[in-house]
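Visitor: Sequence plus predicted model, see below.
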Amino acid sequence: EANAAGNFISQNLGTGTETLLTVPLIGWVAKRRPSGHPYDCGFKISLYGAQQGSDSQWDPDCGNGVLTNGTDVTGNDPTDTSLAITSSFVGNWVTHLVATYGTAANGGVKFYNLDNEPMLWNSTHRDVHPQPTTYDELLGRTIDYAGAIKAADPSAQTLGPVVWGWCAYFYSAADGCSPGADRAAHGNMDFIPWYLGQLHAYDQQHGQRLLDYLDVHIYPQIDGVFSDSPGSASVQAARLRSTRQLWDPTYIHEGWIAQPVYLIPRMKQWVSSEYPGTKLAISEYNWGALGYMNGALAQADILGIFGREGLDLATLWGPPDNAGAPGIFAFRMYRNYDGLGGSFGVTSVHSASADQEKLAIYAALRGQDGALTLMVINKTGQALTSPLALSNFSPAASAQVYRYSSNNLSAIVSLPSQPLTPAGFTATFPANSITLFVVPPGQPPRHTYLPLIRR
């Protein structure tokens with residue numbers, strides 16, 4: 001609803017948060033909801049017959065779309081719930097947003113998701129889109145609707161194809177999760193590289209980039225990992241191991257995918273091959289258990305991976321409602337470790353661990369003071385003592401130390417300074433802990449000044 005979107009955008013402006021707004025490509029939007037009951041619903045029992053389930057709590061006339069014989073309801077009227085639209089609807093909406101909040105370049109809505117998980121339309125929106133989405137349909141809708149967004153606000157940034165996960169990286173909904181006729185009709189190319197290549201061709205032919213970010217979703221896809229519960233000891237261990245599917249080509253997925261995923265490097269390969277200059281986004285991810293230390297460890301590891309691997313944008317799906325949840329502290333370790341806005345560096349530098357699965361390390365330089373920031377995550381159940389070697393950086397005599405651990409789930413603790421030598425230092429990392437070292441440079445950062453020439 002327009003008011004909901006406006007409230008969302010206004011709240012973001014008030015907190016200095018960029019807005020990522022999803023616009024529909026499916027060709028339908030929901031009707032304005034009736035003020036009371038009964039609701040509009042896609043498969044009314046009174047219209048389409050007895051069904052296997054209904055919304056017994058709110059409206060028993062709303063069926064689940066499956067007849068008592070187990071077959072899906074077909075031939076329903078999409079206007080029972082929805083209004084047909086074209087790309088002009090989205091273009092007019094963006095025009096309204098520009099008039100209200102300014103262009104993306106001037107503080108308005110900056111990011112637009114080109115719908116959400118379109119390769120699932122025939123299941124999530126079966127009442128209006130019962131047919132599975134194809135390569136050609138999604139490309140055509142992308143060109144049409146992204147073009148409308150860019151016409152209304154040329155500075156807006158678009159993200160697509162916003163697909164749900166592994167199968168949709170490679171196949172259309174028409175093919176499911178294996179090679180089929182749709183793929184064969186498109187040169188047997190995997191879907192995402194084909195999509196990027198076609199948009200690149202459009203750019204070359206029309207002199208306009210319609211897609212700014214390659215955007216996909218990813219979830220662990222391992223039983224029990226994506227859950228509010230931490231799970232058993234084996235599930236918790238799998239949660240911490242499985243972050244490797246974001247980057248490691250040697251890691252074999254432990255669930256039904258059962259092969260290397262290495263998502264971010266794979267995305268980079270697709271972009272490099274098919275549409276150079278496209279940025280990378282993961283607009284939905286969640287590794288679960290954010291109310292527990294195990295989930296916080298995974299989240300801290302994921303944030304380090306995103307920075308190290310060069311992901312440009314990511315959004316967590318389903319952050320904890322509780323501001324004191326351990327998963328929130330994983331973000332604070334990078335974004336506000338001291339409660340005064342102290343943050344991790346912005347320029348990633350090389351860091352390596354002898355065993356990243358046990359003791360993960362991420363490093364970055366901070367621009368304002370030249371400090372080297374080191375995030376060390378002990379993902380094991382025992383304390384680990386390890387040397388940390390420094391090279392190509394001359395440190396000051398000591399580093400500030402901040403830690404979040406299972407010893408105190410309610411606060412990031414400031415610890416005594418860590419003495420340093422030019423070669424590095426040795427430290428002990430408690431079990432299940434996230435430790436940040438802020439290492440000042442030995443000499444103040446040098447600045448280059450250019451002479452001002454007046455004529």
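Guide: All right, it came through fine. Numbering: from 1, shown residues only.

Visitor: ok, now which ones touch Trp317?
Guide: Shown in contact with Trp317 (C-beta atoms under 8 Å, 6 or more residues apart in numbering): 217, 284-286. Heads up, the C-betas are built off the backbone N, CA and C, glycines and all.

Visitor: between those, which has the most around it?
Guide: With neighbours taken as other C-beta atoms under 10 Å, the top of the contacts of Trp317 is Asn286, carrying 23 neighbours.

Visitor: From Phe111, how far out is the closest residue to that residue other than its chain neighbours?
Guide: Among residues not flanking Asn286 along the chain, Trp317 sits closest, at 5.0 Å (C-beta to C-beta, 6 or more residues apart in numbering). To Phe111, Trp317 is 15 Å away according to C-beta to C-beta, to the nearest Å.

Visitor: mind pulling up the phi and psi values for the closest residue to Val349 other than its chain neighbours?
Guide: In space, and not counting its chain neighbours, Val349 is closest to Ala363: 4.9 Å by C-beta to C-beta, 6+ apart. Main-chain dihedrals, Ala363, degrees, to the nearest 10: phi -140, psi 150.

Visitor: right, and Ala363 touches Leu388 too?
Guide: No - applying C-beta atoms under 8 Å as the test, Ala363 and Leu388 come out as separate, 9.6 Å apart.

Visitor: more crowded one of the two?
Guide: Legend: neighbour count by other C-beta under 10 Å for Ala363 and Leu388, higher for Ala363 (25 against 21).

Visitor: What segments of the stretch 1-150 of the chain are strands?
Guide: Ranges of strands in the stretch 1-150 of the chain, per DSSP state E, counting those that start in this stretch, are 20-23, 28-30, 54-55, 59-63, 82-84, 111-114.

Visitor: So in this protein, which strand runs the longest?
Guide: The residue-count maximum for a strand in the chain (DSSP state E) belongs to strand 408-419.

Visitor: Quick check: neighbours of that strand in the sheet, parallel or antiparallel?
Guide: The pairing partners recorded for strand 408-419 under DSSP bridges are strand 398-405 (antiparallel).

Visitor: Compute the distance from the centre of the partner strand to the centre of its chain.
Guide: The chain centre lies 28 Å from the centre of strand 398-405; the measure is C-alpha atoms, centre = their mean, to the nearest Å.

Visitor: what does that strand contact?
Guide: Contact partners of strand 398-405, identified using C-beta under 8 Å, 6+ apart, comprise 293, 296, 326, 329-330, 332-333, 337-338, 411-420, 425, 430-440.

Visitor: which SSE is Ser234 in?
Guide: Here Ser234 sits within helix 233-241, counting by DSSP states H and E.

Visitor: Packing partners of that helix?
Guide: helix 293-309 (3 or more C-beta pairs under 8 Å, 6 or more residues apart in numbering; DSSP states H and E).

Visitor: which residue ranges form the strands in the stretch 351-455 of the chain?
Guide: Assigned by DSSP E, counting those that start in this stretch, the stretch 351-455 of the chain shows strands spanning 359-365, 372-378, 384-389, 398-405, 408-419, 424-429, 433-439.

Visitor: May I see the ones you listed organised as TSV, with distance to Arg266 and mean pLDDT added?
Guide: TSV is the format used below for the strands of the stretch 351-455 of the chain (distance: least, C-beta to C-beta, whole Å; pLDDT from 0 to 100):
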stretch	distance to Arg266	mean pLDDT
strand 359-365	20	97
strand 372-378	24	98
strand 384-389	30	96
strand 398-405	31	98
strand 408-419	34	98
strand 424-429	31	97
strand 433-439	27	98
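
Visitor: Go through these and name the closest to Trp247.
Guide: Among those, strand 359-365 comes nearest to Trp247, with 11.2 Å by C-beta to C-beta.

Visitor: Compute the inter-axis angle for the closest one and strand 424-429.
Guide: For strand 359-365 against strand 424-429, the angle by axes from the mean of the first three to the mean of the last three C-alpha atoms, to 10 degrees is 130 degrees.

Visitor: Report the buried residues of strand 359-365.
Guide: By neighbour count with 16 or more other C-beta atoms under 10 Å, strand 359-365 contains the buried residues 359-365.

Visitor: now swap in stretch 13-21 and tell me
Guide: In stretch 13-21, counting by 16+ other C-beta under 10 Å, buried: 13, 19-21.

Visitor: quick one on the thing from earlier: which one of the buried residues of strand 359-365 is nearest Phe226?
Guide: Nearest to Phe226 among the buried residues of strand 359-365, counting by C-beta to C-beta, is Ala360 at 20.3 Å.

Visitor: for that closest one, what are its contacts?
Guide: By C-beta under 8 Å, 6+ apart, the contact set of Ala360 is 301, 304, 353, 376-377, 379.

Visitor: pLDDT wise, what is Arg33 at?
Guide: Arg33 carries a pLDDT value of 71.

Visitor: picking that back up, anything in contact with each of Ala363 and Leu388?
Guide: Any residue near both Ala363 and Leu388 by C-beta under 8 Å, 6+ apart counts here, and that gives Leu374.

Visitor: Glu309 - how many residues pack around it?
Guide: 17.

Visitor: Does it touch Arg244 like I think?
Guide: No - using C-beta under 8 Å, Glu309 is not in contact with Arg244, being 11.5 Å away.

Visitor: the helices in the protein, which residues?
Guide: With helices called from DSSP state H, the chain shows them at 2-15, 45-48, 87-101, 121-124, 135-152, 166-170, 181-184, 191-206, 233-241, 263-274, 293-309, 326-335.

Visitor: Quick check: which of those has the most neighbours on average?
Guide: Using mean count of other C-beta atoms under 10 Å, the stretch among these with the largest mean neighbour count is helix 293-309, at a mean of 24.

Visitor: related to what we said a few turns ago, pick the one among the buried residues of strand 359-365 closest to Leu97.
Guide: Using C-beta to C-beta, the buried residues of strand 359-365 come closest to Leu97 at Ala364, 34.0 Å.

Visitor: Against Ala371, how distant is the nearest residue to the closest one once chain neighbours are set aside?
Guide: Once flanking residues are discounted, Ala364 sits nearest to Gly345: 3.0 Å by C-beta to C-beta, 6+ apart. Separation of Gly345 from Ala371 (C-beta to C-beta): 7 Å.
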